[in-house]
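J.: Take this sequence and fold it.
(one chain, ligands or ions: 1)
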Amino acid sequence: MYLGTDFTATAAGSVIKRVTCAQCNHEYCYEMARKVTGKSFSALGLANQHSASAAEVRAAERLARSLANSCDPVPCPECGHYQPAMVERLRRTRFPWVGNACVLLFLFPLFASTIIGTSKSIPKDQLPYWLVAPFVASWPLIPLLLLGRAWLNRVIDPDAQSADKRIALGRRLSMTKTEAGRASADS
Ligand SMILES: [Zn+2]
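T.: Numbering: from 1, shown residues only. Coordinates of the predicted model:
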């Protein structure tokens, strides 16, 4: 059945981020690149032209928001400190698979019980146990995974790594204000 057409547009860009270190006040810059998509749906294909441009507008808006608000984990090249917003982002973006795993764990017993329910080889008096077993096996794992992720994200401390390594990484990823000025003049 034809319901309509999905339009997806991609927008990519980069920006020079300026940072003042929260620990030592050193000012540094780094280049941050982002690639995002925007979607739009044309019901029954009646508004294809409009939907295609709507997807592009959405992608451009998302890109502008992301470039303005997001950050990359680039430690201070002077003292190695990760800025609070970077730590926040590291915490938010770790373990992205947990969400999908929870959806699968939620759905699995529903499918399993449907199959077990129609099976002829299980004695009638045992059937309730068989039906409940998949739920008991997988649903308790959902809060465990979510709590585990919340706990691991709370204790993560990128500043715990040796200062030398963080400074070296910061020097590799960052640029001075002069270099940043040149880079933005070029583009
Ligand atoms: Zn610093």
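J.: Show me where this structure has its helices.
T.: With helices called from DSSP state H, the chain shows them at 48-69, 84-93, 97-117, 127-138, 141-155, 163-173, 177-186.
J.: and the fourth one, what other elements does it pack with?
T.: Helices and strands touching helix 127-138, as assessed by 3 or more C-beta pairs under 8 Å, 6 or more residues apart in numbering; DSSP states H and E, comprise helix 97-117. All C-beta atoms are positioned from the backbone trio N, CA, C, and that covers glycine.
J.: what's the nearest residue to Arg166 if we skip its chain neighbours?
T.: The shortest distance from Arg166 to any non-neighbouring residue, by C-beta to C-beta, 6 or more residues apart in numbering, is to Gly80 (3.2 Å).
J.: what residues does the protein put near the ion?
T.: With C-beta under 5 Å from the ion as the criterion, the chain comes near the ion at residues Cys21, Gln23, Cys24, His26, Cys76, Glu78, Cys79, His81.
J.: Could you chop the chain up by domain?
T.: 1-83+160-187, 95-155 (automatic domain parsing).
J.: among those, which is the most enclosed?
T.: Comparing those by mean neighbour count (mean count of other C-beta atoms under 10 Å), domain 1-83+160-187 ranks first with a mean of 15.
J.: tell me the mean pLDDT for it?
T.: The average pLDDT within domain 1-83+160-187 is 91.
J.: State the distance from the most centrally placed residue in the chain to Ile156.
T.: Nearest residue to the geometric centre of the chain (C-alpha atoms, centre = their mean): Thr93, 4.7 Å. Remark: distance between Thr93 and Ile156 (C-beta to C-beta, to the nearest Å) = 11 Å.
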